[in-house]
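> Can you look at this prediction? I've put the sequence above it.
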Amino acid sequence: MSETARTPTNVCVVLLDSLNRHDLGCYGGSAFDTPNLDRFARDHAIRFDRHVTGSLPCIPARHDLLVGSLDFLWRPWGSIEAWEQPITRALRRAGVTSCLVTDHPHLFETGGENYHTDFGGWSYVRGHEGDPWRTHPDPSWIGAPAMPANRQGWHIARRTGIPTATVGADLSRTFFREEADYPGPRTMREARRFLVEATPHHDRWFLLVDEFDPHEPFDTPEPWASRYQDGPWDDPWMIWPPYLDGGVSAGELTGREARHLRANYGAKLSMIDHWFGLVLDAFDERGLWEDTALIVCTDHGHYLGDVRNGRDLWGKPGVPQFEPLGHMPLLIHWPGRAGGATCDALTTSVDLSATIAEVFDVTVEHRTHGTSLQPLLAGTATKVRDWALGGVWGNWVQVTDGTRKYARAPVGTNAPLSMWSNRWSTMPVHWTEFDTLPAPDRRAWLDTMPGSEVPVLRQPFEPGDRRPLWAAGEHIVGRHHLYDLAEDPDEQRNLVGSPLEAELVELLRHALHAVEAPQEQYVRLGLGPD
C-alpha cells in the first residue's frame with residue numbers, strides 16, 4: 001500500500017440509478033449542471049475511466065453489488081437465492097453495522113424483496129416510480145409543484161389507442177407540496193441523518209444509499225423543471241421516457257418531444273446532484289474523509305436519443321449495452337488519497353462487492369466473480385482484470401478488454417435457454433395485465449450452480465415458449481457487434497467479420513469458462529462446447 005493511502009474503517013456507497021457518465025461535468029459533460037458530483041471528483045475522489053456494466057438491468061446490478069456474482073447467464077431478474085448470501089450477512093457476523101437508505105421500489109416487491117433483510121437497519125422512502133404508496137390522487141392537488149404530466153405508457157397509448165393504467169408515481173406525485181417532499185431529496189436527508197447522528201454510535205459501519213434518481217419519472221418541481229427547456233411547454237409534462245430503438249428516426253417522437261425528454265432527465269440529474277451535496281456536507285461535518293471510503297456509482301446509463309445503427313435510442317430498449325448505457329461513472333474517495341486523480345484500469349460492478357469484502361475482511365460462501373479495487377485505490381497496481389463480462393439474460397453476451405467490445409448474439413435461434421431459480425421471481429409490471437413470468441412446467445429439473453451443492457430448479461425454454469420478461473425475441477439472432485472504442489468511441493463501425501472478431505470470440509469463450517457459464521450458453525451463442 002502506498003505511503004498515503006489507508007484502509008478505511010467504514011464504507012458509504014451512493015448508487016444513483018441511471019446515471020449517465022457522459023452527462024457529468026467531471027467526465028466532460030457540459031449540457032447539465034452537476035456541481036456537487038464535480039466537486040467530489042475534484043476535491044476528494046479518484047475518477048475511474050473504464051468502469052462497465054455487468055448484470056443488467058436494475059435488480060441484477062444490485063445483485064452484482066450486494067451478492068458479488070454475475071447472474072445474467074442464469075436468470076433474468078430475481079431475489080437472493082438459497083445458495084447465496086449477501087455481503088451484509090457477512091458484515092453482520094463480523095460485527096459491522098450496516099444500513100440501507102433507499103427510495104428504490106424494486107427492493108420491496110417480488111423479485112427484489114430480500115436484498116434489504118440482512119442490513120442492520122433500513123429506511124424506505126416511499127413514492128418513487130412504481131411504488132404503490134397511494135391509491136388515489138390528492139384531491140387538493142392544484143397542479144403544483146408537480147405539474148400535470150402524461151401517465152406512464154403514454155407512448156404506447158398514443159400508438160395503439162389503448163389507455164394505460166395509472167400507477168405508482170402518477171398518484172404519489174400529487175401529494176408532494178414542495179421540492180423537499182420528492183423521494184430523492186427525502187432519501188438524501190435520511191442519508192445525512194445516518195451519517196451525522198448514527199455513525200458516532202458505531203465502531204465500523206457500511207451505508208448503502210440506493211437512490212433511484214435520476215431514473216424515471218423525470219419529474220421535478222421548479223426551478224429545476226424549466227432549467228434546460230428550449231422554449232415554453234404548454235402540454236402535459238412528459239416525465240416517462242419511452243423505451244425505443246428508433247424514436248425520432250422511426251416517427252415515434254417529434255424532435256421537440258425528444259428535446260423535452262432530454263431536458264427533463266437533465267433537470268432530475270441536477271436536482272439529485274444538489275441534494276447529494278448533503279452527503280458531502282455530512283462528511284465535512286463529521287470529518288469522515290479521514291477514515292471512510294465514499295463510493296459513487298450507478299447500475300447503468302440511460303439512452304436519451306443516442307444514435308446507433310442510424311436509429312436514436314431511448315430508455316433501455318432491446319439493444320446491446322452501447323457506451324452511453326454500458327460505460328458507467330465511478331468515483332471513489334479513499335482515505336489518504338488526494339482528489340482529482342484518475343484510474344484507467346478496467347473495472348465492473350462485482351468488483352465493488354469484492355472491495356467492500358476486503359475492507360471489512362469478510363468472505364461469503366458462494367462463488368463470486370469480483371476482484372477488489374483496493375490495489376488500484378492504494379496505488380500499488382495499475383490493473384486488476386483483463387476482461388469484463390456483461391449482459392441481460394436471454395440477450396447478447398458482451399465481453400470487453402477495456403478497448404475492444406464484443407456483443408455476441410444467439411446463432412440459429414435464441415435457444416437453448418434456461419432459468420435457474422428457487423425463488424422463481426422477476427420484475428413485476430404494474431401497468432399491464434401481461435404475466436411477466438410463466439410458471440415452471442414438467443420439463444424442469446434439479447441442477448446445481450457452480451461451486452454449490454444446493455439443488456436449484458432449472459426450467460428450459462424452447463423456441464415458441466413464452467419467456468420471462470427481458471428475454472429477447474428471435475430478431476436478435478445473428479446480430480453480433482464488435483467495436484474498437486479507441487478508434488470508434490461512438491460505435492459507428494461494426495467490425496464483425498474482420499480478423500479481430502476471432503480474437504474477441506476466444507476472449508468471450510475464456511471469460512465464460514472462467515465464470516463456469518452454463519453449457520447451453522455456448523450452444524446458444526454458437527461457440528461450440530466448452
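On my side now, so go ahead. For clarity, every value in this text was computed on a predicted model and none was experimentally measured.

> list the buried ones in whichever helix or strand residue 92 is part of?
Element membership of residue 92 [criterion: DSSP states H and E] is helix 87-93. In terms of neighbour count (16 or more other C-beta atoms under 10 Å), helix 87-93 has its buried residues at 87-92. The C-beta positions use only the backbone N, C-alpha and C, and glycine is treated the same way.

> and if you look at stretch 155-166?
Here stretch 155-166 shows 155-156, 164 as buried, counting by 16+ other C-beta under 10 Å.

> right, and the helix or strand after the helix holding residue 92?
In N-to-C order, the element after helix 87-93 by DSSP H and E is strand 97-102.

> Mind giving me the packing neighbours of that next one?
Packing partners of strand 97-102 (3 or more C-beta pairs under 8 Å, 6 or more residues apart in numbering; DSSP states H and E): helix 87-93, strand 121-124, helix 183-193, strand 205-211.

> Output the third one as PDB, nothing but the C-alphas.
By that I understand helix 183-193. Extracted in PDB, the C-alpha atoms of helix 183-193 (Å, rounded to 0.1, in the frame of the first residue of the first chain):
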ATOM      1  CA  PRO A 183     -38.300  10.900  -2.900                       C
ATOM      2  CA  GLY A 184     -34.800  11.900  -3.900                       C
ATOM      3  CA  PRO A 185     -34.500  14.800  -1.500                       C
ATOM      4  CA  ARG A 186     -36.000  12.800   1.300                       C
ATOM      5  CA  THR A 187     -33.600   9.900   0.700                       C
ATOM      6  CA  MET A 188     -30.600  12.200   0.800                       C
ATOM      7  CA  ARG A 189     -31.800  13.900   4.000                       C
ATOM      8  CA  GLU A 190     -32.200  10.400   5.600                       C
ATOM      9  CA  ALA A 191     -28.700   9.500   4.500                       C
ATOM     10  CA  ARG A 192     -27.300  12.700   6.000                       C
ATOM     11  CA  ARG A 193     -29.100  11.800   9.300                       C
END
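
> what's the angle between it and strand 205-211?
With axes from the mean of the first three to the mean of the last three C-alpha atoms, to 10 degrees as the basis, helix 183-193 and strand 205-211 are set at 170 degrees to each other.

> So which elements touch helix 183-193?
strand 97-102, strand 205-211, helix 255-286.

> Settle this for me: residue 70 is touching residue 515, isn't it.
Yes. The pair residue 70 and residue 515 qualifies as a contact (C-beta atoms under 8 Å) at a distance of 6.1 Å.

> hey, what's in contact with both of these two?
When contacts are counted by C-beta atoms under 8 Å, 6 or more residues apart in numbering, residue 70 and residue 515 have 369, 389 as shared neighbours.

> who has more neighbours, these two?
Set residue 70 next to residue 515 and count neighbours by other C-beta atoms under 10 Å: residue 70 wins out with 25 against 17.

> you'd agree the more buried one is in a helix?
No. Assigned with DSSP: H, G, I helix; E, B strand; the rest coil, residue 70 falls outside any helix and is coil.

> Would you mind giving the dihedral angles phi and psi of it?
Main-chain torsions, residue 70, degrees, to the nearest 10: phi -70, psi 140.

> before we move on, the earlier item: in helices, which of the buried residues of stretch 155-166 fall?
In this view, the buried residues of stretch 155-166 that belong to helices under DSSP state H are 155-156.

> Next up, phi/psi of residue 343, please.
phi -130, psi 130.

> Number of residues surrounding it?
Taking other C-beta under 10 Å as the criterion, the count of residues near residue 343 is 20.

> now residue 486
Count around residue 486 with other C-beta under 10 Å applied: 9.

> what about the nearest residue to it once chain neighbours are set aside, distance to residue 49?
Distances taken as C-beta to C-beta, 6 or more residues apart in numbering put residue 403 closest to residue 486, at 5.1 Å, once the chain neighbours are dropped. With distances taken as C-beta to C-beta, to the nearest Å, residue 403 is found 12 Å from residue 49.

> Tabulate the buried residues of stretch 155-166 (JSON lines), appending pLDDT.
Listed next are the buried residues of stretch 155-166 as JSON lines, based on pLDDT from 0 to 100:
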{"residue": "155", "pLDDT": "88"}
{"residue": "156", "pLDDT": "85"}
{"residue": "164", "pLDDT": "78"}
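
> Would you mind giving the buried residues of stretch 155-166 as TSV with distance to residue 410 added?
Below are those laid out as TSV (distance: C-beta to C-beta, whole Å):
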residue	distance to residue 410
155	28
156	27
164	31
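
> between the buried residues of stretch 155-166, which is nearest residue 471?
residue 156 (19.6 Å; C-beta to C-beta).

> Bridged to residue 341, which residues?
For residue 341, the beta-bridge assignment (DSSP bridges) gives partners residue 46.

> So it is in contact with residue 48, correct?
No. When contacts are counted by C-beta under 8 Å, residue 341 is not listed as touching residue 48 (10.0 Å).

> And the two? Which one has more around it.
residue 48 (23 against 14).

> where does this structure have low pLDDT?
Applying pLDDT under 70 to the chain flags residues 1-3, 430-435.

> repeat that for 90
Low-confidence segments of the chain, defined by pLDDT under 90: 1-5, 152-157, 159-167, 425-438, 463-464, 466-470, 528-530.

> Could you grab the helix/strand/coil label for the most far-flung residue of it relative to its centre?
Note on the chain: the largest C-alpha distance from the chain mean falls to residue 140, namely 35.7 Å (C-alpha atoms, centre = their mean). Recorded secondary structure, residue 140: coil (three-state DSSP).

> Contact partners for the residue nearest to residue 486?
Contacts of residue 403 by C-beta under 8 Å, 6+ apart are 484-486.

> need the residues you listed in JSON lines with distance to residue 9 and secondary structure, can you?
What follows is the contacts of residue 403, written out as JSON lines (distance: C-beta to C-beta, whole Å; DSSP: H, G, I helix; E, B strand; the rest coil):
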{"residue": "484", "distance to residue 9": "43", "secondary structure": "strand"}
{"residue": "485", "distance to residue 9": "37", "secondary structure": "coil"}
{"residue": "486", "distance to residue 9": "39", "secondary structure": "coil"}
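
> Return the member of these nearest to residue 280.
Using C-beta to C-beta, the contacts of residue 403 come closest to residue 280 at residue 485, 31.7 Å.

> residue contacts, the nearest residue to residue 181 once chain neighbours are set aside?
Excluding the flanking residues, the one nearest residue 181 by C-beta to C-beta, 6+ apart is residue 175, at 7.3 Å. With contact set as C-beta under 8 Å, 6+ apart, residue 175 has these partners: 127, 134, 138, 141, 181.

> List only buried entries from these.
127, 134, 141, 181.

> Quick one: classify the first one as helix, strand or coil.
For residue 127, the assignment made with three-state DSSP gives coil.

> Please apply the same query to the second one.
Reduced to three states with three-state DSSP, the structure at residue 134 is coil.

> Kindly list the main-chain dihedrals of it?
Dihedral angles (degrees, to the nearest 10) for residue 134: phi -120, psi 150.

> for residue 460, same thing?
Backbone torsions of residue 460, given as degrees, to the nearest 10, read phi -80, psi 150.

> Which strand or helix spans the closest residue to it other than its chain neighbours?
Take residue 460 and drop its neighbours on the chain: the residue closest to it by C-beta to C-beta, 6+ apart is residue 418, 4.8 Å away. Assigned by DSSP H and E, residue 418 belongs to strand 417-420.

> what sits up against that strand?
Residues contacting strand 417-420 (C-beta under 8 Å, 6+ apart): 74-76, 393-394, 447, 449, 456-461, 467-468, 471, 518, 520, 524.
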